[in-house]
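S.K.: Output the structure for:
(one chain, ligands or ions: 1)
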Amino acid sequence: MPPDLVISHNYPLQACNTFGIAARARCHVPITSVAELAAALADPRLAGMPRLLLGGGSNIVFTGDFDGVVLQMAIKGRALLGQRGAHTLVRAAAGEHWHGFVQWTLAQGLGGLENLSLIPGTVGAAPIQNIGAYGVELKDVLDSVTVYDIASGALRSMDAAACRFAYRDSVFKHPHGAALVIVEATFALPSAWQPNLRYAELAQALAGVSAPSAVQISEAVVAIRRRKLPDPALVGNAGSFFKNPVVSGARCADLLAAFPGLVHHAQADGSEKLAAGWLIDQCGWKGRSLGRAGVYPQQALVLVNNGGATGPDVLALARAIEDDVFARYGVRLEAEPVFV
Ligand code: EPU
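M.R.: Here you go, the predicted structure:
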């Protein structure tokens, strides 16, 4: 007996995206189990419609109404799986709130996810863009994900290598991974935990604390994020709106000759990651608005909804910023959120 689905029509999406854009979906279905996912994918009432899988909606910009079905990932559950070698394995279902899961691991006495505290969104969305902050990326702590393969209707496990993680990227953002729905993620947390204070700002925040605990690091990360990033519950936003652009070492040297203050970080392969926030800030965009969309005054990398912003308002602001940065630095910014 397939589960009964709760199908809503002409569904308002404003509360389903952290940018707070008022769009509607033709249909909306909450997904609370793998059986419901399978049922929704096979349901004749939804057949042929474009599908959008949504988690916390914290990395998405609706440019208009969505003429299809939104599958709202709401599978819950978390578990301590036990030791494997030098790690403790923990698992969470895709619909779990990311920060709630991080706090739960800390409450179990397990460190490893604390640098990724307070990142908005769900566990299932986190691997898609390989969330990262304060010196840790999800790929550093992920053991595997369980995916539902829409093509075959089967569940399978993918290890971190199979996910092809890169900076804010994974196989799930590319056509050959598009038919895979993450239903749970397993993390390998080091039993012999060590603080990761490689990010200078975090190290500074904890300079007065000798041997900080994972909980103290989490608290410091939360404090930094609260200071620099807008709370989506109060000000609509999707976190960093642009990726930090990566350029060749030679190109970076040319830019440095012209702009000695350029903020850049050398990558292992010799390329250089530039701070998009700095580029945007230098172009004078920090705190400025275009219509109902604006640039957050404390962090130029974050675009915000000043109230009533539409998808086109956000796009117009993003284009204006991209054009200015390109005109001044010859560097093309790439948006981080998904546009629907
Ligand atoms: N900067 C400016 N002006 C600004 C913003 C930044 O000059 O308005 C300079 C800063 O002074 C600093 C540099 O740019 O020297 C980098 O800034 P920051 O440390 O704030 O980090 P970021 O590169 O802007 C990235 C991630 C964030 C993550 C932080 C901390 C991306 C696209 N963004 O931001 O991730 O929290 O590092 O690790 O990689 C997100 O993806 O949504 C996100 C918030």
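S.K.: contacting residues for F172?
M.R.: Residues in contact with F172 (Cβ atoms under 8 Å, 6 or more residues apart in numbering) are P127, I128, C163, A178, L180, I182. C-beta here means a position set from N, CA and C on the backbone, and glycine is covered the same way.
S.K.: Around the ligand, which positions in this structure sit nearby?
M.R.: Contact residues (Cβ under 6 Å from any ligand atom) of the chain with the ligand: 133-134, 199, 201, 228-229, 239-240, 243-244, 263, 275, 277-278, 281, 286, 299-301, 336.
S.K.: just the strands in the stretch 151-300 of the chain please.
M.R.: 154-159, 180-190, 236-240, 246-247, 264-266, 272-274, 289-290, 293-295 (DSSP state E, counting those that start in this stretch).
S.K.: Return the member of the contacts of F172 nearest to D67.
M.R.: Checking the contacts of F172 against D67 by Cβ to Cβ gives A178 as the nearest, at 18.5 Å.
S.K.: Next up, the contacts around F241.
M.R.: Contacts of F241 by Cβ under 8 Å, 6+ apart are L301, V302, L303, A318, A335, E336, P337.
S.K.: For the helix or strand encompassing L71, name the packing helices and strands.
M.R.: Element membership for L71 (DSSP states H and E) is strand 66-73. The contact analysis (3 or more Cβ pairs under 8 Å, 6 or more residues apart in numbering; DSSP states H and E) places strand 66-73 against strand 24-31, helix 34-42, strand 51-54.
S.K.: Highest mean neighbour count across the ones you listed, which stretch is it?
M.R.: strand 24-31 (a mean of 22; mean count of other Cβ atoms under 10 Å).
S.K.: Could you chop this structure up by domain?
M.R.: Split into domains by automatic domain parsing, the chain comes to 8-73, 78-227, 231-339.
S.K.: can you redo those domains as JSON lines with distance to P2 and mean pLDDT?
M.R.: Shown next, in JSON lines, are the domains of the chain (distance: least, Cβ to Cβ, whole Å; pLDDT from 0 to 100):
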{"stretch": "domain 8-73", "distance to P2": "4", "mean pLDDT": "97"}
{"stretch": "domain 78-227", "distance to P2": "13", "mean pLDDT": "97"}
{"stretch": "domain 231-339", "distance to P2": "29", "mean pLDDT": "97"}
